[in-house]
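Chemist: Sharing a model that was predicted from the sequence below.
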Amino acid sequence: MRQNLPDQQLVKVFTALCDELDTSLSRRLKKSAKEGDWATIVKTKVDPSDYVTASYFYKDSLVANFLRKLPITVEGLNPTDVTYQGFLANEQHNHQTNLRLMRFCDNYGLEPSDHRLVEFFIQVKKRISSILGRVPDSLVGKFGKGSTFTDIGEFTTLPDKMSTRSSITPEARDLLPLFRDTAWVRALLGDHQSMSDPDTVRGNRFTTVRKTALSDRGICIEPSWNVFMQLAIGSYFSERLAKAGLVKELSQDIHRIMARSASLTGRLATLDLTDASDLVSYQLVRLVMPDDWFQVLCATRSAFTLVKGKWVKVEKFSSMGNGFTFELMTLILLSVADTLCQRHEVKVKIGENLSVYGDDIIAPTQIVPDFLACLSFLGLKLNVRKTFTSGSFRESCGGDYFDGIDVSPFYLKEFPNEPQQHIALANALRRMGRQYRNGINGFPAIRKPWFRALDGLPSHIRRLRGPEHLGDLVVHDDYDRWYEPTGARRKNLAHRETPDRRKFVRGYVPINKTLSLDNWSPLVTLACALYGVPSCGVVPRRNGNDVVKGYRVRWTAVGW
């Protein structure tokens, strides 16, 4: 639910931040905050090309982005409607892309000038084929954490999914024999034989989740069997990409390192796409994917989407929510960029001068003009505001760098109404203030807004101090403030040391709600164990997050 700022506590934090930063922009936004003009604040954007130094840009970036992702009501704007309109606009765009690419797929109506493009797409397909290899004889299915077409609300734990009738699209039924000998099927046949045959549905269901104050994010909820198969394909793609040099678990860190280096040397460009997962059209995938893999992908995708009660045949290939969308996008964009590098005689070193993570791309500047033209031809749209091909600024995977200095902003994503949220806010403000130690001369320590954030905490929780590696279980503070190994003050400090010299501090620790596996049949319990569920039970989820029963103050190990 979208709301205005609930009380003056966050206003005090924001205005104190504006005072601390003390730029012309922060002074204007402080005035807007006091007047309750949140629309002006969340619509404010900063352009790094307008700044000469990292310090001034970082200050304005902090204040401009601080509240951007809060669910603030903006009068006259319905973010959900904006998202639905965006879905329809993207489908119209995909339709035009499909018409343009279809003649290359079917090899008809081509002109002499098109032959170079045909050769290029053949090279891209060969590159993809070299990465993926042939379709394997078997794939290992996986369960996702979220909802499926028929598993909704709180009933989305793994044992819940294994105890209810599953769902599947007609096309995916052809692949069911490959997964018949799974623990999931055995549990259904043993306990609920009447539900062992999946319910056939036409496709997925469109919905929205919060993104920013101005727009929601559109996602699609897939049928349970489809997402089980999609995640199997996505996992296999990840393994093959890792062999090619793109290790998914390391890619974000590598991108940030490359972006920092690029902001100093200017040799690499960082590119970002708009609505990337929604603009990978059907004919684009058909054009560049090997035929055998294309058939497998088609069998598991959802060809229809339920939008506001109506089934729509989609022009996109897959959407956010599909288990292989991310890996498919990474594979296609990497292969296109790699092929262009070959044509420009640029030696590719993945992780050094070329890397792709979803729609985050880092590529040599030499290929950028042709790459942008290629993306446009394939129907993909560049996010101009987050693409940087020259100058001293680069951004990728959440890392912003200006002349090699980390200027990544902080986004407050929820209203701080409870102690753990105030702790997280205070810690984020402290991290902001530490940037001046990392190369930004004269940057303020942001002490005043830090104290305003702590004002929202009861005194006994405010004293829970500790090191940063404990995360938001404690309020981060300097070493000598959170631990004193000896002395008369020991009884008054929230710490202790065991005889074996292990150190502990008191923290504000979440207590997760756990459901015992005894709530389900022995066959389901056995199947859960095979899929990696711990014997202590499962944690239910609500709105994409683990359900927390509450919080308590308890001892937490710091280390030795």
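Modeler: Nice, I can see it.

Chemist: mind listing what's buried in stretch 152-161?
Modeler: For stretch 152-161, the neighbour count (16 or more other C-beta atoms under 10 Å) marks T156, T157, L158, P159, D160, K161 as buried. For the C-beta atoms, the positions are set from N, CA and C on the backbone; glycine is no exception.

Chemist: now swap in stretch 163-172 and tell me
Modeler: S163, T164, S166, S167, I168, T169, A172.

Chemist: now, which of those residues lie within strands?
Modeler: Members of the buried residues of stretch 163-172 lying in strands (criterion: DSSP state E): S167, I168.

Chemist: In JSON lines: the buried residues of stretch 163-172, plus distance to E239.
Modeler: Below are those laid out as JSON lines (distance: C-beta to C-beta, whole Å):
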{"residue": "S163", "distance to E239": "30"}
{"residue": "T164", "distance to E239": "30"}
{"residue": "S166", "distance to E239": "26"}
{"residue": "S167", "distance to E239": "27"}
{"residue": "I168", "distance to E239": "25"}
{"residue": "T169", "distance to E239": "25"}
{"residue": "A172", "distance to E239": "22"}
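
Chemist: Most widely separated two among the buried residues of stretch 163-172?
Modeler: S163 and T169 (21.6 Å; C-beta to C-beta).

Chemist: Nearest the geometric middle of the protein, what residue?
Modeler: Nearest residue to the geometric centre of the chain (C-alpha atoms, centre = their mean): C397, 9.1 Å.

Chemist: from what I can see that residue touches S251, true?
Modeler: Yes. Using C-beta atoms under 8 Å, C397 makes contact with S251 at a distance of 7.4 Å.

Chemist: Tell me which helix or strand in the chain has the weakest average pLDDT.
Modeler: helix 479-482 (a mean of 51; mean pLDDT, DSSP states H and E).

Chemist: before we move on, back to that, now the common contact residues for C397 and S251.
Modeler: Here C397 and S251 have Y357 as joint contacts, going by C-beta atoms under 8 Å, 6 or more residues apart in numbering.

Chemist: residues contacting R430?
Modeler: The contact partners of R430, taken as C-beta under 8 Å, 6+ apart, are I446, W450, H476.

Chemist: Which ones among the residues you listed lie within helices?
Modeler: W450 (DSSP state H).

Chemist: Closest one of the contacts of R430 to M320?
Modeler: H476 (33.6 Å).

Chemist: would you say F120 is within a helix?
Modeler: Yes. Assessed with DSSP: H, G, I helix; E, B strand; the rest coil, F120 lies in a helix.

Chemist: Look up the closest residue to L306, ignoring the ones flanking it.
Modeler: Of all residues not flanking L306 in the chain, R205 sits nearest, at 4.5 Å (C-beta to C-beta, 6 or more residues apart in numbering).

Chemist: In a helix, the one you found, correct?
Modeler: No. Assessed with three-state DSSP, R205 is strand; it does not lie in a helix.

Chemist: is it true that it touches G218?
Modeler: No. With contact defined as C-beta under 8 Å, R205 does not count as touching G218 (11.4 Å).

Chemist: Between those two, which is the more surrounded one?
Modeler: The neighbour count for R205 versus G218, taken as other C-beta atoms under 10 Å, is higher for G218 (25 against 21).

Chemist: any idea how far the closest residue to that one other than its chain neighbours is from I367?
Modeler: Using C-beta to C-beta, 6+ apart and skipping residues adjacent in sequence, the residue nearest G218 is T83, 4.9 Å away. Distance, T83 to I367, using C-beta to C-beta, to the nearest Å: 33 Å.

Chemist: The two: which is more packed in?
Modeler: Comparing T83 with I367 by other C-beta under 10 Å, the one with more neighbours is I367, at 22 against 19.

Chemist: How about the contacts made by that one?
Modeler: A337, L340, C341, H344, V346.

Chemist: hmm, try it at 6 Å
Modeler: Contacts here follow C-beta atoms under 6 Å, 6 or more residues apart in numbering; on that basis I367 touches L340, C341, H344.

Chemist: can you confirm the first one is in a strand?
Modeler: No. Checked against three-state DSSP, L340 lies outside a strand; its state is helix.

Chemist: I appreciate the help and will end here.
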